[in-house]
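S.K.: Fold the following and give me the result.
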Amino acid sequence: MPWACCRGVLHGGEALFVADSGNHCIRAVSTEGAGGVGRTVFGTPQSPGKAPTELNFPWSLCYHGTLLYVGDKYNMRIVVLSPDEPAAVRVVSDEWPWASRFAPRGFASSPDGVVLLPTNSKARAG
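M.R.: Predicted coordinates:
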């Protein structure tokens, strides 16, 4: 079941990235030409995991610059990917106090290069 999608670039061509949440992966579909072909670009379909190259219910996406930001819900982290590479560029994890753990439901990027995400207003630093 897809929960989010965004447009970006994969191998120099326009693509639609889809968070295939129920299958624990990110898929890409070419938007160039008729009848785009979809393929898995990150995660292992039908196999949730915790390693940097695995996802557990990805449910939000944002393509910014050349990077894809993924809200990895059940791992309570953000995974930053370069779509052309099969590895995570960076992982922002749950190394925070319990009340601050998060799994972002959405992202946005501003024209000045800032990636924004919603926060839990009830979370407190401990």
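S.K.: show me where pLDDT drops low in this protein?
M.R.: Across the chain, the ranges flagged by pLDDT under 70 are 1-2, 33-37, 93-104, 117-126.
S.K.: which other residues reach stretch 52-60?
M.R.: Here stretch 52-60 makes contact (C-beta atoms under 8 Å, 6 or more residues apart in numbering) with 3-4, 19-22, 24-26, 42-44, 47-50, 70-75, 79, 86-88, 91, 103-107. (C-beta placed from N, C-alpha, C; glycine too.)
S.K.: quick one, strands of this structure?
M.R.: Secondary structure of the chain by DSSP state E: the strands cover 2-10, 13-20, 25-30, 38-43, 58-64, 67-72, 77-81, 88-92, 108-109, 115-116.
S.K.: now those strands as JSON lines including mean neighbour count?
M.R.: Compiled in JSON lines, these are given as follows (neighbours: other C-beta atoms under 10 Å):
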{"stretch": "strand 2-10", "mean neighbour count": "17"}
{"stretch": "strand 13-20", "mean neighbour count": "20"}
{"stretch": "strand 25-30", "mean neighbour count": "20"}
{"stretch": "strand 38-43", "mean neighbour count": "18"}
{"stretch": "strand 58-64", "mean neighbour count": "22"}
{"stretch": "strand 67-72", "mean neighbour count": "24"}
{"stretch": "strand 77-81", "mean neighbour count": "22"}
{"stretch": "strand 88-92", "mean neighbour count": "15"}
{"stretch": "strand 108-109", "mean neighbour count": "14"}
{"stretch": "strand 115-116", "mean neighbour count": "14"}
